[in-house]
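Chemist: what's the 3D shape of this:
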Amino acid sequence: MQYLREDKDFRSLFIEEIKKIADEADPYLMGKYRNNISDNWGVEVSGDETMAVIYTRLINNKINQIPRGIKNLFLILVAASFFGLLQISFTILGFIYSFFSCIILIILYKARFYHFEKVEIEKEEIEL
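Modeler: Alright, predicted model coming up:
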């Protein structure tokens, strides 16, 4: 450990030798590791797969193990949250639409497209 810390040449030589050894993995140990992964994770490993494929299988197995009721509950929660987002967005859009409508009515009033007048009406009532 002291040579590794102090001598840079020894450290680089040591790392290169470790890399050479790592390329030649022991087939017995690799088989043992594959069996451990198969037993612990529930994923069949033949040795030709990459770790990405193994992780994908693991995630798919975990998703398939979720009970049907929980999957349905999850879908209901997603639908409810989507409906809530739609409600919020349409409420905001409604306020924006109302604001622009008021502005347009004010502009039309100032441009004298319409006007208001008070009209007096004569009214007769009969009471019994």
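Chemist: Helices of this structure, residue ranges please.
Modeler: Assigned by DSSP state H, the chain shows helices spanning 2-6, 8-23, 27-41, 51-64, 68-110.
Chemist: any idea which of those helices scores lowest on pLDDT?
Modeler: Lowest mean pLDDT within these: helix 2-6, at a mean of 69.
Chemist: Reformat the helices of the chain as CSV; add mean neighbour count and distance to Glu122.
Modeler: (C-beta placed from N, C-alpha, C; glycine too.) Shown next, in CSV, are those (neighbours: other CB atoms under 10 Å; distance: least, CB to CB, whole Å):
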stretch, mean neighbour count, distance to Glu122
helix 2-6, 9, 109
helix 8-23, 10, 106
helix 27-41, 12, 92
helix 51-64, 12, 79
helix 68-110, 10, 29
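Chemist: With distance to Lys118 added, can I get these in a markdown table?
Modeler: A markdown table is the format used below for those (distance: least, CB to CB, whole Å):
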| stretch | distance to Lys118 |
| --- | --- |
| helix 2-6 | 97 |
| helix 8-23 | 95 |
| helix 27-41 | 83 |
| helix 51-64 | 71 |
| helix 68-110 | 16 |
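Chemist: Indicate which one of those helices is closest to Glu117.
Modeler: Of all the helices of the chain, helix 68-110 sits nearest to Glu117, with 13.1 Å by CB to CB.
Chemist: and the closest one with helix 51-64, angle?
Modeler: 90 degrees (axes from the mean of the first three to the mean of the last three CA atoms, to 10 degrees).
Chemist: so what pLDDT did Glu24 get?
Modeler: For Glu24, the model assigns a pLDDT of 62.
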